[in-house]
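Would you be able to build a 3D model of this:
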Amino acid sequence: MISGIRDIDGMQNAISSYKDLIVWQKSNDLVLEIYKITRQLPSNELYGLSSQAQRAAVAIPSNIAEGYARNHTKEFVQFLGIAFGSAAELDTQVLLMEKLYPNFNYIVVKGLLLEVQKMLITMIKKLKTTSH
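Just a heads-up that it's a prediction; the model follows:
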């Protein structure tokens, strides 16, 4: 187990897999919600916002998993930073979707995205302080 991971995202038990991380679980929920919304976008967005938002969303849990699997705190922090960057990219795409297609309900997506971003920042900060 990577040092400093225990209890970082609110879990009381030791983390034995990236799948145990609440931030990974929430980011997967976010992916599903992004797919629900992007499936409703017009077909002309298939290779535009739909594809970009899906790619950015999938990158978040993927980078959390890859970083955790590296089994080194410094690398994990680096991959959490990449996941956070993908979350910022997705945030921008959701804002654009809201402006271009205001008739869709973005409340769940925006709530999950904000929660994931906060969790990533917290994990990064805590891992940086525990790894020194």
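
who's in contact with the residue lying closest to Val58 once chain neighbours are set aside?
Take Val58 and drop its neighbours on the chain: the residue closest to it by C-beta to C-beta, 6 or more residues apart in numbering is Val31, 5.6 Å away. No exception for glycine: its C-beta is placed from N, CA and C like everyone else's. Neighbour list for Val31: 54, 57-58, 60-61 [criterion: C-beta atoms under 8 Å, 6 or more residues apart in numbering].

Put together a markdown table for those residues, with neighbour count, distance to Tyr35 and pLDDT on each row.
Formatted as a markdown table, the contacts of Val31 follow (neighbours: other C-beta atoms under 10 Å; distance: C-beta to C-beta, whole Å; pLDDT from 0 to 100):
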| residue | neighbour count | distance to Tyr35 | pLDDT |
| --- | --- | --- | --- |
| Gln54 | 18 | 6 | 98 |
| Ala57 | 30 | 8 | 98 |
| Val58 | 18 | 9 | 98 |
| Ile60 | 30 | 13 | 98 |
| Pro61 | 24 | 13 | 98 |
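
who does the host helix or strand of Ala57 touch, helix- and strand-wise?
Element membership for Ala57 (DSSP states H and E) is helix 49-69. If you count contacts as 3 or more C-beta pairs under 8 Å, 6 or more residues apart in numbering; DSSP states H and E, helix 49-69 packs onto helix 22-38, helix 73-100.

Between helix 73-100 and it, find me the angle.
160 degrees (axes from the mean of the first three to the mean of the last three C-alpha atoms, to 10 degrees).

How about residues contacting helix 49-69?
So helix 49-69 is contacted by 2, 5, 17-18, 21, 23-24, 27-28, 30-31, 34-35, 37-39, 41, 75-80, 82-83, 86-87, 89-90, 93-94, 96-97, 100, 116 (C-beta under 8 Å, 6+ apart).

in that helix, what's buried?
By 16 or more other C-beta atoms under 10 Å, the buried positions in helix 49-69 come out as 49-50, 52-54, 56-68.
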